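Student: need a structure here:
(chains A, B, C and D)
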Number of protein chains: 2
Amino acid sequence: MRKTVQKQVILSTVLASCDHPDAETICERARAVIPSISLGTVYRNLAQLAADGKLKRISIPDSGDRFDKNVEEHAHFHCLGCGKVIDVNLNFEQMDSCKEFLTEKMGVTLTKITVVMQGYCSDCAKGE
Amino acid sequence: MRKTVQKQVILSTVLASCDHPDAETICERARAVIPSISLGTVYRNLAQLAADGKLKRISIPDSGDRFDKNVEEHAHFHCLGCGKVIDVNLNFEQMDSCKEFLTEKMGVTLTKITVVMQGYCSDCAKGE
DNA sequence: GGCTTATTGATAACGATTATCAGTAACATT
DNA sequence: AATGTTACTGATAATCGTTATCAATAAGCC
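Tutor: Here you go, the predicted structure:
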């Protein structure tokens, strides 16, 4: 993995983001530093940085992927109104019996667990 | 909602499926009964039936949606090797404190919870 | 400095899903 | 049973997020 200005800017952009930006938003923010950076480069580096464990890719049902500086195992809430994503402190140890069953009884190797709660935040209460 | 042969066949196809088929697979199976049925019709009816609570749409990260006759709240395991999806008996009550925090403290209205565990099943042990 | 090759920017391709639209069929009303 | 209304169909185009392609560039080793 080669160290490039683009990669450094993309990583620091995510690290500086307190929301959970998608690739396009990250691209826009990175363009404040490197105006010529292309969306393809952003996607490429995000994938590489996620594979390298430097950031986390979050899959949101019926929506584009988001990126998170918090690489710890945690859950998310996604507002179907405004689209914002917030961290949720779910105790994943509560899932241990379930994970143990899969790994020990079923012979499964777990690599990724996705927990996304969706609905409407207080600002977007459905029907308003 | 009008009762059509297509809708009935699509629903009974899903109800008869013990795997978790995607729209294209459901379309192929439905074509055994109605050879002329189109993929668009399958998608349209699956969306309608899911909205009506007659079946469940499952979002799988980095993969197409699957459909499930089990409409109860439950989790899934998705094998990154062979692509199969199986039901996982996760006790969602273990998440109650988390859900309560969102609904009571944050004022959130929850409509959908996605829990997907991904990895490799015993037949697809990674690296083989 | 020169060489190798990973990376870039631009653009095309992709796959899953949704939208469009003219023709058809479901079903309520006579 | 014929009629009218309109939801639904099949075919196809369009969309969206993402990945692949490719010639040009630049990182990092010798």
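Student: let me see the ranges of the strands in chain A.
Tutor: A:56-58, A:66-68, A:75-79, A:85-88, A:109-120 (DSSP state E).
Student: switch those over to TSV; also include distance to DNA strand D and mean pLDDT.
Tutor: Quick note: C-beta positions are derived from backbone N, CA and C, even for glycine. Output for those, formatted as TSV (distance: least, C-beta to the nearest atom of the strand, whole Å; pLDDT from 0 to 100):
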stretch	distance to DNA strand D	mean pLDDT
strand A:56-58	8	97
strand A:66-68	8	98
strand A:75-79	13	96
strand A:85-88	13	95
strand A:109-120	13	95
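Student: could you report the distance from residue A:20 to DNA strand C?
Tutor: Separation of residue A:20 from DNA strand C (C-beta to the nearest atom of the strand, to the nearest Å) stands at 21 Å.
Student: do residue A:46 as well
Tutor: Counting by C-beta to the nearest atom of the strand, the gap from residue A:46 to DNA strand C is 10 Å.
Student: surely that residue touches residue A:10?
Tutor: Yes - using C-beta atoms under 8 Å, residue A:46 is in contact with residue A:10, at 6.6 Å.
Student: rewinding a little: can you put the strands of chain A in JSON lines and add mean neighbour count and distance to residue A:29?
Tutor: What follows is these, written out as JSON lines (neighbours: other C-beta atoms under 10 Å in any protein chain shown; distance: least, C-beta to C-beta, whole Å):
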{"stretch": "strand A:56-58", "mean neighbour count": "20", "distance to residue A:29": "17"}
{"stretch": "strand A:66-68", "mean neighbour count": "22", "distance to residue A:29": "11"}
{"stretch": "strand A:75-79", "mean neighbour count": "22", "distance to residue A:29": "20"}
{"stretch": "strand A:85-88", "mean neighbour count": "18", "distance to residue A:29": "16"}
{"stretch": "strand A:109-120", "mean neighbour count": "19", "distance to residue A:29": "23"}
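Student: mind putting those strands into TSV with distance to chain B?
Tutor: Conversion of those to TSV gives the following (distance: least, C-beta to the nearest C-beta, whole Å):
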stretch	distance to chain B
strand A:56-58	9
strand A:66-68	12
strand A:75-79	6
strand A:85-88	6
strand A:109-120	4
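Student: what about residue A:46, how many neighbours?
Tutor: Burial of residue A:46 is recorded as 24 neighbouring residues (other C-beta atoms under 10 Å in any protein chain shown).
Student: what's near enough to touch it?
Tutor: Residue A:46 sits next to A:10, A:14, A:23, A:26, A:55, A:57, A:67 when contact means C-beta atoms under 8 Å, 6 or more residues apart in numbering or on different chains.
Student: quick one on the thing from earlier: now the common contact residues for residue A:46 and residue A:10.
Tutor: Common neighbours of residue A:46 and residue A:10 (criterion: C-beta under 8 Å, 6+ apart): residue A:26.
Student: thank you, goodbye.
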